[in-house]
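J.: Need the 3D shape of this:
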Amino acid sequence: MCLLIETIKVVEGQIQNAAYHNRRLNNARKELFDCKRAIDVIEHLKLKDAELNGIQKCTITYNESIVEIKVQPYTKRKIESLKLIVDNSIDYSYKYADREQLNELSAKRESCDEVLIIKNGLITDTSFSNIIFFDGRKWVTPNKPLLEGTKRQQLIDERIIEVEEIKLSDLKRFSRACLINAMLEMGDTVVDCKNIR
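T.: Residues are numbered from 1 along each chain as shown. Next up, the predicted model:
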């Protein structure tokens, strides 16, 4: 049976974006395991005193039910350059615990800090985040991400970012890229598009 994960940011003991994580976790359980009874991640997340300070990364492993919950202090990776990698067969439409295919792509980053994955001629995601681009006027995100992230969806719903088809040839339109995921807020990790190789 496949395992999935949900990564949740906890700031000073406060669970971030819980409604989006609940929605994705329960949609995956319903679609993959035919589970009709919803789980509320907040009810399962009991933080210890030491986990109430600073920024914590909570990883929930689950299938039909919750298998494991791990909480650890979060350290942000420094990302200043991206290597373009083509993979037309990758499928990460659910947040699977098995990241072998993503890790293999990440290992091809050479001297860059991270990879930017192209699938069927379209920009998708990095190996661990969604991506948004600034065109001088607005921030846009690819319409075909590998994974529909919770932070991405929140920013779309709040109309902070727009969704567009982004081809490899469109990269020249953009000046900056920003990596976003449950742990990375918009603006936390910004890459100059000149550093996408």
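J.: so which helix or strand takes in the residue nearest to Thr7 when sequence neighbours are not counted?
T.: Spatial nearest neighbour of Thr7, excluding adjacent residues (CB to CB, 6 or more residues apart in numbering): Ala182 at 4.9 Å. (Each C-beta comes from the backbone N, C-alpha and C, glycine too.) Under DSSP states H and E, no helix or strand contains Ala182.
J.: Show me what the lowest-mean-pLDDT helix or strand in the chain packs onto, helices and strands only.
T.: Ranked by mean pLDDT, DSSP states H and E, the weakest helix or strand in the chain is helix 41-44, scoring a mean of 87. The criterion is 3 or more CB pairs under 8 Å, 6 or more residues apart in numbering; DSSP states H and E, and the helices and strands that helix 41-44 contacts are helix 18-33.
J.: which parts of the least confident helix or strand of the chain are buried?
T.: Val41 (16 or more other CB atoms under 10 Å).
J.: repeat for stretch 2-19
T.: Buried residues in stretch 2-19, counted by 16+ other CB under 10 Å: Leu4, Ile5, Glu6, Thr7, Ile8, Lys9, Val10, Ile15, Gln16, Asn17.
J.: so the first one bridges to which residues?
T.: I take that to be Leu4. Using DSSP bridges, the bridge partners assigned to Leu4 are Tyr62, Tyr96.
J.: That one contacts Ser93, correct?
T.: No. Using CB atoms under 8 Å, Leu4 makes no contact with Ser93, being 11.1 Å away.
J.: Quick one: the buried residues of stretch 2-19 as a markdown table, columns for distance to Phe128 and pLDDT too.
T.: Below are the buried residues of stretch 2-19 laid out as a markdown table (distance: CB to CB, whole Å; pLDDT from 0 to 100):
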| residue | distance to Phe128 | pLDDT |
| --- | --- | --- |
| Leu4 | 15 | 98 |
| Ile5 | 12 | 97 |
| Glu6 | 14 | 97 |
| Thr7 | 9 | 97 |
| Ile8 | 15 | 96 |
| Lys9 | 14 | 96 |
| Val10 | 18 | 95 |
| Ile15 | 20 | 93 |
| Gln16 | 17 | 95 |
| Asn17 | 17 | 96 |
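J.: where along this protein do the strands fall?
T.: 4-11, 14-15, 55-62, 66-73, 82-86, 114-119, 122-126, 130-134, 139-142, 162-164, 176-180, 189-192 (DSSP state E).
J.: Please tabulate those in JSON lines, including the columns distance to Cys35.
T.: Output for these, formatted as JSON lines (distance: least, CB to CB, whole Å):
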{"stretch": "strand 4-11", "distance to Cys35": "12"}
{"stretch": "strand 14-15", "distance to Cys35": "22"}
{"stretch": "strand 55-62", "distance to Cys35": "10"}
{"stretch": "strand 66-73", "distance to Cys35": "12"}
{"stretch": "strand 82-86", "distance to Cys35": "34"}
{"stretch": "strand 114-119", "distance to Cys35": "29"}
{"stretch": "strand 122-126", "distance to Cys35": "26"}
{"stretch": "strand 130-134", "distance to Cys35": "26"}
{"stretch": "strand 139-142", "distance to Cys35": "29"}
{"stretch": "strand 162-164", "distance to Cys35": "29"}
{"stretch": "strand 176-180", "distance to Cys35": "28"}
{"stretch": "strand 189-192", "distance to Cys35": "34"}
